[in-house]
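**Q** With the sequence up front, the predicted model follows.
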Amino acid sequence: MPLNKYIQDGDNQDLTNERFKATFDTEHLATVYHGGEEKLKKLRHIRNEITKRGHLFDSIPSAHRTRAEKIEDVSRKLKNLMETVSDFADVTDNLDMVAIIRDVMGVDGFPLALHTLMFVPTLQNQADDEQIEEWLMEAIQGKIIGTYAQTELGHGTNLSAIETTATFDKSTDEFVIHTPTTTATKWWPGGLGTSCTHVVLVANLIIDLKNYGLHPFFVPIRDRNTYLPLSGISVGDIGSKMGVNCVDNGFLAFVNYRIPRRNMLMKHSKVSKDGSYTAPPHPKAAYTTMLYVRSELILHQSCYLAMAMAISIRYSAVRRQGEIKAGTQEVQILDYQTQQYRLFPGLARVFAYVTAAATVSAMTESCIKDLSHGNSDVLADLHALSCGLKAVVTHQASQSIDQARQACGGHGYSDASYLPSLYTSSVGACTYEGENMVMLLQLARYLMKAATKKDEGAALTPLVAYLGGKSDQISTGNDKFAKLLSHFEHIARRRVMHAYRQMIEEEQHGVERDYAFANHSVDWAKAARAHTKLFIANGFAARVQTISDDAVRDVFTTLVELYLCYELMEMAADLTADGYLSEADVQQLRVQIYESLKKIRPNAVSIVDSFDLCDRELRSVLGRRDGHVYENLYKWAQLSPLNQKNLPHVEKYLKPMTSKL
Ligand SMILES: CC(C)(COP(=O)(O)OP(=O)(O)OC[C@H]1O[C@@H](n2cnc3c(N)ncnc32)[C@H](O)[C@@H]1OP(=O)(O)O)[C@@H](O)C(=O)NCCC(=O)NCCSC(=O)/C=C/CC(=O)O
Ligand SMILES: Cc1cc2nc3c(=O)[nH]c(=O)nc-3n(C[C@H](O)[C@H](O)[C@H](O)COP(=O)(O)OP(=O)(O)OC[C@H]3O[C@@H](n4cnc5c(N)ncnc54)[C@H](O)[C@@H]3O)c2cc1C
């Protein structure tokens, strides 16, 4: 085994021993995980450049600050970053930016998070050439700071009910933006609270009393010099949240506020001076930013999960607690099968999601390019796919991160572990960018149409072609993945067709389709989950064939096996229903899981080392590369502001209660 760069003199001995056990070269797995040598090299270059710039680091752990102090500190780092980032990274490359943001800002967000994630991409994809010329460069340079203002107090999911209006006034060639009711107040947009000078506003376009539906508008909201709200605008912060508290999510309301006609983003739809309207190439073309962000979220979630796994698995190698046989030495908690069962499926999911993220991101890029040429052929397919992935990945990633947190016992609950931040950031995405259940039902509507086609004997697109197949009993062939993947197909097909038949049966009793669908929406949501898991499983299994290094391929194969068996066991009831598999077959899957856990155990620490995350990025005392957890937990605690003398609560309230004087 070549020299392992993670092994250094003076490290915790248990962690060093783990690294000596690895059956593969971490460098080779890192190359696979990061999508090739070039990408890994670039990532390391970026990290080295950040290392040279001390002004980009946290000055004290964020957990020891108030919300206002946290926002001040990330803003300080942000300004420093904006000044130098283009010297060492390609700001248009998402992978570069995800790595930089994770390293410099951490996962609790920052005031320009939505500027980067939604405002700039919306200008890029929805503004026409002249508008791009006018606004994009200023936005990229941070001379204007924006967000994506769509959700209202009363309406988030149901976009059709959004109330804000942009009424065209031919006489002045302007739109009049108005918030007609309290429930129409924009609520939630990140950065809106205190930071934004502009927003992309999603509002109903009204021309000559006719409502043309939702359209995006480029709207200045604060004076760029004074930061005061412009006249006719009320704006502010909505207060603290469960997580991402370095983002100043805000509210925004308008009273007959005027913007020039050319401030409507006009790549897809247009309004001319005389009020004539040009429709977009697809009715939902204005929703492409959401489509884009949903696909980006898959990558973000895989990063959060990778960080949680690195922290929890390293700590589990350092932590000794209890004995397997009384009177013997305390064991590393990573030796407990229960600990492995808690952690290793999450580890496998990291690789599964990173694979899915690369696929969906490439599909989205190509779909947006097609749309800019007026071609919307794949939009509906991609919308359905990204809705399913968004829902399944955010849900499972946050579940696995919480398992990682619990697997660290008490120290996992401390902010010193960084696991609470990772969890709250991950779980927030179950709600934003489309509430997960609603996203599953979007995919379900697509599956319903596919099931109808199947019923009618019409051709099926590749993503749903499996609906047309028949479930085979387990084959006796040798190809393990093929057999396991056929189980996924079986479950997805069974769930889709079950929901479909239930719905049809109701229709036959005179219930309208929309109600029949709604009456079986739990089954439809289950069908959508199974379809998405099949998509992820197929992509993950196919990835193995692309790995040339034998030792890495062996490790990867075990991770795929664990992933497939674990996800199947989560749906075990579907496997035994209708006698598809016997109890003994299911028990065999369970045994395969335990075998995979055993195989992964000696490699676990080196697998997470291959994520190539440095201590600065992990921000976790538990996840330190050197394993020196306890002395650093002690140091971390010393920094708590509550360790000062003469604290007001003690002086004012406690001392008077306890004092004998
Ligand atoms: C639930 C949605 C999709 C319903 O859409 P709506 O327009 O309200 O209903 P309709 O009945 O008019 O349309 C449904 C119809 O449209 C198809 N469709 C929807 N979206 C797309 C799309 N992007 N591309 C192609 N097609 C699309 C859909 O499939 C239906 O087709 P049918 O043939 O079945 O009729 C919608 O309201 C929605 O997306 N809601 C979620 C709102 C949301 O995601 N908000 C995000 C706000 S920004 C944010 O959260 C930021 C977070 C911070 C961060 O990211 O860090
Ligand atoms: C941290 C955070 C950041 C955000 N950032 C932004 C931002 O930058 N810009 C922005 O515009 N918005 C933002 N949002 C808002 C976010 O997009 C919405 O909260 C999200 O889309 C969910 O909508 P909602 O809050 O209206 O939930 P609701 O739709 O009210 O959901 C409540 C419940 O109703 C159910 N439900 C709703 N509709 C249906 C249906 N049709 N069928 C079945 N069940 C249904 C849901 O499943 C859920 O259980 C942010 C939210 C959060 C939490």
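**A** Nice, thanks for sending it over. Ligands and ions are numbered 1, 2, ... in the order given.
**Q** Identify the residues contacting the worst-scoring helix or strand of the chain on mean pLDDT?
**A** Lowest on mean pLDDT, DSSP states H and E among the helices and strands of the chain sits helix 94-104, with a mean of 91. Helix 94-104 is contacted from outside by 35, 39, 42-43, 46-47, 50, 56, 77-78, 81, 85, 89-91, 110, 113, 116, 296, 299-300, 303, 307, 361, 614, 616-617, using C-beta atoms under 8 Å, 6 or more residues apart in numbering. For glycine as for every other residue, the C-beta is placed from the backbone atoms N, C-alpha and C.
**Q** got the CA coordinates for it in PDB?
**A** The C-alpha coordinates for helix 94-104 follow below in PDB (Å, rounded to 0.1, in the frame of the first residue of the first chain):
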ATOM      1  CA  ASN A  94     -20.500  25.200 -10.000                       C
ATOM      2  CA  LEU A  95     -18.200  22.500  -8.600                       C
ATOM      3  CA  ASP A  96     -15.600  25.200  -7.800                       C
ATOM      4  CA  MET A  97     -18.100  27.400  -6.200                       C
ATOM      5  CA  VAL A  98     -19.700  24.600  -4.100                       C
ATOM      6  CA  ALA A  99     -16.200  23.800  -2.800                       C
ATOM      7  CA  ILE A 100     -15.300  27.400  -2.100                       C
ATOM      8  CA  ILE A 101     -18.500  28.200  -0.300                       C
ATOM      9  CA  ARG A 102     -18.300  25.000   1.800                       C
ATOM     10  CA  ASP A 103     -14.700  25.900   2.800                       C
ATOM     11  CA  VAL A 104     -15.100  29.600   3.400                       C
END
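**Q** C-terminal to that helix, what's the next element?
**A** Sequence order places helix 113-114 as the next helix or strand after helix 94-104, per DSSP states H and E.
**Q** what packs against whichever helix or strand comes after that next one?
**A** Using DSSP H and E, the helix or strand that follows helix 113-114 towards the C-terminus is helix 120-126. Helices and strands touching helix 120-126, as assessed by 3 or more C-beta pairs under 8 Å, 6 or more residues apart in numbering; DSSP states H and E, comprise helix 129-140, strand 198-207, strand 210-220, helix 288-318, helix 337-372.
**Q** Pairing partners for the shortest one, with directions?
**A** Which is strand 198-207. Strand pairing for strand 198-207, determined by DSSP bridges: strand 146-149 (parallel), strand 165-169 (parallel), strand 210-220 (antiparallel).
**Q** Look up which helix or strand Leu622 falls in, please.
**A** Per DSSP H and E: Leu622 is located in neither a helix nor a strand.
**Q** How about the one 10 residues further on?
**A** Taking DSSP H and E as the definition, one finds Asn632 inside helix 629-638.
**Q** And Glu163, by the same measure?
**A** Using DSSP H and E, Glu163 sits within no helix or strand.
**Q** hang on, the earlier thing: highest average neighbour count across the strands paired with strand 198-207?
**A** Of these, the one with the most neighbours on average (mean count of other C-beta atoms under 10 Å) is strand 146-149, at a mean of 30.
**Q** Quick one: mean pLDDT over that strand.
**A** Mean pLDDT, computed over strand 146-149, is 98.
**Q** what about it and ligand 1, any contact?
**A** Yes - against ligand 1, strand 146-149 shows contacts by C-beta under 6 Å from any ligand atom at Tyr148.
**Q** touching ligand 2 at all, that strand?
**A** Yes - contact of strand 146-149 with ligand 2 (C-beta under 6 Å from any ligand atom) involves Thr147, Tyr148, Ala149.
**Q** Give the closest residue to the second one in space, chain neighbours not counted.
**A** Pointing back at Tyr148 there. In this structure, Tyr148 finds its nearest non-sequential neighbour in Met118, 3.7 Å apart by C-beta to C-beta, 6 or more residues apart in numbering.
**Q** cool, and Leu15?
**A** Per C-beta to C-beta, 6+ apart, closest to Leu15 is Gly627, 3.7 Å.
**Q** Show the contacting residues for the closest residue to ligand 2 within the stretch 501-650 of the chain.
**A** Nearest to ligand 2 in the stretch 501-650 of the chain, going by C-beta to the nearest ligand atom, is Ser521, at a distance of 6.4 Å. With contact set as C-beta under 8 Å, 6+ apart, Ser521 has these partners: Leu441, Ala444.
**Q** now, which of the contacts of helix 94-104 lie close to ligand 1?
**A** When contact is defined as C-beta under 6 Å from any ligand atom, these meet ligand 1 at Ala113.
**Q** now the contacts of helix 94-104: which count as buried?
**A** The neighbour-count test (16 or more other C-beta atoms under 10 Å) marks 39, 42-43, 46-47, 50, 56, 77-78, 81, 85, 89, 110, 113, 116, 296, 299-300, 303, 307, 361, 617 as buried among the contacts of helix 94-104.
**Q** The helices and strands packed on helix 120-126: which one's closest to ligand 2?
**A** Among the helices and strands packed on helix 120-126, strand 198-207 comes nearest to ligand 2, with 7.2 Å by C-beta to the nearest ligand atom.
**Q** next one: that closest one to chain centre, how far?
**A** Distance of strand 198-207 from its chain centroid, counting by C-alpha atoms, centre = their mean, to the nearest Å, is 27 Å.
**Q** follow-up on the earlier one: save the helices and strands packed on helix 120-126 as CSV, and put in distance to Ala573 and mean pLDDT too.
**A** Output for those, formatted as CSV (distance: least, C-beta to C-beta, whole Å; pLDDT from 0 to 100):
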stretch, distance to Ala573, mean pLDDT
helix 129-140, 50, 97
strand 198-207, 41, 98
strand 210-220, 41, 98
helix 288-318, 26, 97
helix 337-372, 18, 96
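**Q** tell me the most buried of those?
**A** With neighbours defined as mean count of other C-beta under 10 Å, those peak in mean count at helix 288-318, which reaches a mean of 26.
**Q** ok so, going back, you'd agree the residue nearest to Tyr148 is up against Thr147?
**A** Yes - applying C-beta atoms under 8 Å, one finds Met118 in contact with Thr147, separated by 6.9 Å.
**Q** what do the two both touch?
**A** Taking C-beta under 8 Å, 6+ apart as the criterion, Met118 and Thr147 both touch Val200.
**Q** picking up where we left off before, which one of the residues of strand 146-149 next to ligand 2 is nearest Thr355?
**A** Using C-beta to C-beta, Tyr148 comes nearest to Thr355 of these, at 28.1 Å.
**Q** Surely that closest one and Thr289 touch.
**A** Yes - using C-beta under 8 Å, Tyr148 is in contact with Thr289, at 6.4 Å.
**Q** Give the residues shared as contacts by those two.
**A** Shared contacts of Tyr148 and Thr289 (C-beta under 8 Å, 6+ apart): Met118, Thr122, Val200.
**Q** Nearest to Thr66, out of those residues: which one, please.
**A** Looking across the shared contacts of Tyr148 and Thr289 and measuring by C-beta to C-beta, the closest to Thr66 is Met118, at 27.2 Å.
**Q** what's the burial count for the closest one?
**A** Using other C-beta atoms under 10 Å, Met118 has 25 other residues around it.
**Q** Please name the residues that touch it.
**A** Met118 touches Thr147, Tyr148, Val200, Thr289, Val293, counting by C-beta under 8 Å, 6+ apart.
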